[in-house]
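Engineer: sequence first, then the predicted structure, then my questions.
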Amino acid sequence: MPGTTQYEVLLDFTNDTHDCATVQLQRDYGRGTGAIVLLHPGESVTLVLDAGTVYKYALKTRSRVANVTARAWRDVRCTVSQLFPSGVAAHPPPPSSEPLRPVQGITVDQLWRDMRFCIWNDA
């Protein structure tokens, strides 16, 4: 009987915008809760994931937030701008039956605005 082999993949988020962005882990995966990484313009963070495992993140720039699900079987590179489609700067799109998949292994579950701590006027 063949055995299953567990392996790791790399998920690279790059901030290709002109503003700072944050990447926040949405669940506790046994590694500590509430982990947030601040990315300045041009910076990136590489996360090590178990292949095929589902991970949930929130990526935020200014007041725009993208809740994403990552489930990858190979290394993935994703830029922040890929998560926010052009033309939805003022309002998030209405929910649709087909979720946004900017790159293979990444699904945008929800786009929304978080105005609680926003100091920008990007409405």
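Structural biologist: It's in. Numbering: from 1, shown residues only.

Engineer: which stretches in this protein count as helices?
Structural biologist: Using DSSP state H, the helices of the chain run over 80-83.

Engineer: could you list the low-pLDDT ranges of it?
Structural biologist: Counting by pLDDT under 70, the chain contains low-confidence ranges at 1-5, 28-34, 87-97, 117-123.

Engineer: now with 50?
Structural biologist: 1, 89-90 (pLDDT under 50).

Engineer: ok, the nearest residue to Arg64 once chain neighbours are set aside - how many residues close by?
Structural biologist: Leaving aside its chain neighbours, Arg64 sits nearest to Phe84 (5.6 Å; criterion: C-beta to C-beta, 6 or more residues apart in numbering). In short, each C-beta sits where N, CA and C put it, glycine included. Number of residues near Phe84 (other C-beta atoms under 10 Å) recorded here: 22.

Engineer: Phe84 contacts Ser63, doesn't it?
Structural biologist: No. Between Phe84 and Ser63 there is no contact under C-beta atoms under 8 Å: 11.3 Å.

Engineer: chain center to stretch 79-88, what's the gap?
Structural biologist: Chain-centre distance of stretch 79-88: 11 Å, with C-alpha atoms, centre = their mean, to the nearest Å.

Engineer: show me what that stretch is in contact with.
Structural biologist: Residues from elsewhere that reach stretch 79-88 (C-beta atoms under 8 Å, 6 or more residues apart in numbering): 13-17, 21, 39, 59, 61, 64, 66, 68, 93, 100, 102-103, 106, 108, 111.
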